[in-house]
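> next come a sequence and a model predicted from it.
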Amino acid sequence: MLTHSVAEETLPDRFRKLWDEIAPVGRDAGSGGYLRYAFTEPEIALRDWFRGQAELRGMPVREDGNGNLFAWWGDPDAGDAVLTGSHFDSVPHGGAYDGPLGIVSAFLAVDELRAAGITPTRPVVVAAFVEEEGARFGVPCLGSRLLTGEIAVDRAAGLRDAAGVSFAEALGDRPAGADPGLLGRFAAFVELHVEQGRALVDQGAPVAVASAIWPHGRWRFDFRGEGNHAGTTRMADRRDPMLTYAFTVLAANKEARLRDAHATVGRVSVEPNATNAIPSKVIGWLDARAAEPETLHGLVEAVRAKAAERARRDGTELTCTEESATPLVAFDGGLADRLARLLDAPVLPTGAGHDAGVLAAHLPTAMLFVRNPTGVSHSPAESATDADCAAGVTALARVLEELACR
Ligand code: GLV
Ligand code: MN
Ligand code: MN
Ligand code: MN
């Protein structure tokens, strides 16, 4: 059924061929980065591509009530399935590999197993999770949180994008509502992902196994002041929320450095956003992460306290809202060690969030990372060589063989 002959081409060639099918989808000609937001045209094109790849391989597709896609290989009644896959959606002007690499690799790993004459003793399911980045509706890993019940269907349905379109509206006429039996059909999850740092470059290895995900979250800081004229308002009379905001960004950076943690304000909105007007309102979104939950808590509390104190000095008002929080994820240690031995691969923690982090609370879960020569991610500079991507496919195929074919 496959369009290629597995015997004739090398695995890096097969990777490149499949990769080139999706590489142009949603790429911005200016930045070279990707704009692939959940249920927008490029992401829908990738969902159609997913269905096409599943069909080519004779894998029936099930779409749950939340927009997540699942393609089934093997007898669906042959026990609980091993799930693998990732997401198609990107951050604004994101890299090519974050997400799609895990889906493309999953289909290729199925091909490798089939070409080797291996059949699964339990189903292997390739997944595409919706809205992993939270770039459209604000909550990261929304699809996997819905699958696991970690976010209520009603709350998710009401999340709105910047244009006011709700998640429920964006789902359109797709199946809607929870698919309660689905999670119970999975025995384990393995997500392959491009590495989002330089550990594999430093260690000279193409593939690693994940040990943990740092606890992390998003906090929205609303700073309110008094909009006024830039030319006529005396400096002493101003209640300028931009000042409180700017101070808070610097405080977040300082507090994170003091704790060896990470704090980022990568998104801001200003009203009225005019050069010659003192803003009436500034909203900044803090992304904070740390190795330990106590460190993260201490960091966020210190930033809140400093922002509040500065707001008093500036005569502005501050509200701080937690938008999402992901606890420390320690992946199944036994599974990680077993896979690291199987693959002869290093084991690494990461500061990046993943659907695997959500599923890890419900299923034995593991992650594989593929080396990223630039170490850069959430940027067009993210990269991976075809040879390393092929090494990732081989590693994933071995893991699926270990978990689903014995
Ligand atoms: C998602 O990639 C995140 O770590 O924010
Ligand atoms: Mn990402
Ligand atoms: Mn990702
Ligand atoms: Mn992620």
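That came through, no problem. Numbering: from 1, shown residues only. Ligands and ions are numbered 1, 2, ... in the order given.

> CA atoms only: put the helix or strand containing residue 102 into CSV for me.
Element membership for residue 102 (DSSP states H and E) is helix 100-115. Backbone C-alpha positions of helix 100-115 (Å, rounded to 0.1, in the frame of the first residue of the first chain) are rendered in CSV as follows:
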residue,chain,number,x,y,z
PRO,A,100,5.4,17.2,13.5
LEU,A,101,8.7,15.3,13.9
GLY,A,102,7.0,12.9,16.4
ILE,A,103,4.1,12.2,14.0
VAL,A,104,6.2,11.7,10.8
SER,A,105,8.6,9.5,12.8
ALA,A,106,5.7,7.5,14.1
PHE,A,107,4.4,6.6,10.6
LEU,A,108,7.9,5.8,9.5
ALA,A,109,8.5,3.6,12.5
VAL,A,110,5.4,1.7,11.6
ASP,A,111,6.8,1.3,8.1
GLU,A,112,10.1,0.0,9.5
LEU,A,113,8.4,-2.6,11.6
ARG,A,114,6.3,-3.7,8.7
ALA,A,115,9.2,-3.9,6.4
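
> would you mind identifying the next helix or strand past it?
That would be, after helix 100-115 and using DSSP H and E, strand 124-129.

> tell me what angle that next one forms with helix 100-115.
170 degrees (axes from the mean of the first three to the mean of the last three CA atoms, to 10 degrees).

> partners of strand 124-129, with directions?
The strands beside strand 124-129 in its sheet (DSSP bridges) come out as strand 69-73 (antiparallel), strand 81-87 (parallel).

> buried residues in the first one, which are they?
Meaning strand 69-73. Using 16 or more other CB atoms under 10 Å as the test for burial, strand 69-73 gives 69, 70, 71, 72, 73. Where you see a C-beta, it was placed from the backbone N, CA and C, and this is true even at glycine.

> let me know the closest of those residues to ligand 1.
Of all the buried residues of strand 69-73, ligand 1 sits closest to residue 69, with 19.1 Å by CB to the nearest ligand atom.

> of the strands paired with strand 124-129, which is nearest ligand 3?
With distances scored as CB to the ion, the stretch of the strands paired with strand 124-129 nearest to ligand 3 is strand 81-87 (5.8 Å).

> ligand 4 contacts on the stretch 251-400 of the chain?
Applying CB under 5 Å from the ion, one finds that the stretch 251-400 of the chain approaches ligand 4 through 353, 354.

> how far off centre is stretch 73-88?
20 Å (CA atoms, centre = their mean, to the nearest Å).

> and it, end to end?
Distance between the two ends of stretch 73-88: 20 Å, counting by CA to CA, to the nearest Å.

> cool, stretch 357-372 as well?
Stretch 357-372: ends 20 Å apart by CA to CA.

> quick one: buried residues of it?
Buried residues in stretch 357-372, counted by 16+ other CB under 10 Å: 357-360, 362-372.

> does that stretch reach ligand 1?
No. Taking CB under 6 Å from any ligand atom as the criterion, stretch 357-372 and ligand 1 are apart, separated by no less than 8.8 Å.

> may I have the beta-bridge partners of residue 324?
On the basis of DSSP bridges, residue 324 is bridged to residue 218.

> got a list of what it touches?
By CB atoms under 8 Å, 6 or more residues apart in numbering, the contact list for residue 324 reads 134, 138, 139, 140, 217, 218.

> if we go to 7 Å?
Contact analysis of residue 324 by CB atoms under 7 Å, 6 or more residues apart in numbering lists 139, 140, 217, 218.

> tell me the one of the buried residues of stretch 357-372 nearest ligand 1?
residue 357 (8.8 Å).

> that's a strand at the closest one, yeah?
No. Under DSSP: H, G, I helix; E, B strand; the rest coil, residue 357 falls outside any strand and is assigned helix.

> buried ones in the helix holding residue 102?
The neighbour-count check on helix 100-115 (16+ other CB under 10 Å) flags 100-114 as buried.

> for residue 130, state which of the residues you listed is nearest.
Distance ranking of those against residue 130, using CB to CB, places residue 103 first at 12.2 Å.

> hang on, the closest one packs against residue 132?
No. Contact criterion CB atoms under 7 Å: residue 103 and residue 132 do not qualify, at 11.1 Å.

> outside of stretch 373-392, which residues touch it?
Under the criterion CB under 7 Å, 6+ apart, residues 11-12, 15-16, 31-33, 91, 93-98, 101, 105, 192, 194, 196-198, 201, 206-207, 368, 370-372 lie in contact with stretch 373-392.

> 8 Å instead, please
Applying CB under 8 Å, 6+ apart, the set of residues contacting stretch 373-392 from outside is 10-16, 19, 31-34, 91, 93-98, 101, 105, 192, 194-198, 201, 206-207, 352, 368, 370-372.

> among those residues, which ones are in strands?
192, 194, 207, 368, 370 (DSSP state E).

> list the residues that contact residue 225.
238-242, 244, 278-281, 314-317.

> swap the cut-off to 6 Å and go again
Residue 225 is in contact with 239, 240, 241, 316, counting by CB atoms under 6 Å, 6 or more residues apart in numbering.

> do the same with residue 146
By CB under 6 Å, 6+ apart, the contact set of residue 146 is 66, 156.

> count the neighbours of residue 335 for me.
For residue 335, the neighbour count with other CB atoms under 10 Å is 19.

> hang on, residue 321 is in a strand, isn't it?
Yes. Under three-state DSSP, residue 321 sits within a strand.
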